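>>> Return a 3D structure for these sequence lines:
(one chain, ligands or ions: 1)
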Amino acid sequence: MAIGVKICGITEAGALDTAIKAGARWVGFVFFGPSPRNITPDVAATLAARVPAGGPGRIGLFVKPTDAEIERVLDTVTLDGLQVYAPEARAMEIRARFGLPVWRAVGIATHADLPDSTGLDGLVIESRPPAGSTRPGGNARCLDWGLTEGWRAPVPWMLAGGLNPVNVADAIRRSGARAVDVSSGVESAPGVKSPDLIRAFMTAATNALPA
Ligand SMILES: O=C(O)c1ccccc1N[C@@H]1O[C@H](COP(=O)(O)O)[C@@H](O)[C@H]1O
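I've put the predicted structure just below:
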């Protein structure tokens, strides 16, 4: 079974080209000031334009965004979907307002935190941020992968949080995820993607399950 991979927090063309060549299903651009991966709409537009037709979906990541913040990005950047950190009702509003698929990021601590319904297009399931963190994701923090065992996901979902080339195969097997999302785990320093780590992650994720 093919595993979908999202390489998130791309800030420059070299990493983007590596992700495309290695077969990423999605690439993510972060629009959140406190993140070391934050980029301007102009930079994102240049990157988004490099993605060939039939290439990975271009996902914009937003944290509790206002409509104006999303509008400002979409005025400049062509995106194929949005990843939002916001309550379900707000994420639904965003979906209705902008007409793009919306995946909601959900931080979980127990099996009971897993949503059993949603009106959205997908869910990004990850660990809760450490206390005092300035951002709700991108903290290289792993979930207990056993928590998703037996979960009947209402929509497609991806596993995120603390994944890297060494642990991703185990994470896929233990969590049951068929799509994974990575940012910090393919970086040589915060906000600096490593082409070697991107390639290693893609290989490990792709080979995690028998063909
Ligand atoms: O990457 C960030 O800086 C970020 C900022 C704010 C919200 C989410 C962010 N990243 C996303 O968090 C998960 C897990 O990332 P990691 O692999 O543990 O670094 C993933 O969806 C990132 O795109």
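>>> low-confidence ranges in this protein?
Filtered on pLDDT under 70, the chain yields the residue ranges 1.
>>> Flag every residue of it that's near the ligand.
With C-beta under 6 Å from any ligand atom as the criterion, the chain meets the ligand at residues 8-9, 28, 30, 32, 35, 37, 61, 63, 85, 124, 126, 135-140, 160-163, 181-185. In this view, the C-beta of every residue, glycine as well, is placed from N, C-alpha and C.
>>> Show the buried residues in these.
8-9, 28, 30, 32, 35, 37, 61, 63, 85, 124, 126, 135-140, 160-163, 181-185 (16 or more other C-beta atoms under 10 Å).
>>> Just the element for the residue most central in space within the chain, please.
Nearest to the geometric centre of the chain sits Asp181, at 4.6 Å (C-alpha atoms, centre = their mean). Here Asp181, judged by DSSP states H and E, is contained in strand 179-182.
>>> Need the contact partners of that strand.
For strand 179-182, the external contacting residues (C-beta atoms under 8 Å, 6 or more residues apart in numbering) are 3-8, 25-26, 28, 124, 126, 156-160, 163-164, 168, 171-172, 201, 205.
>>> I'd say Val77 and Thr46 touch.
No: counting by C-beta atoms under 8 Å, Val77 stays clear of Thr46, with 9.2 Å between them.
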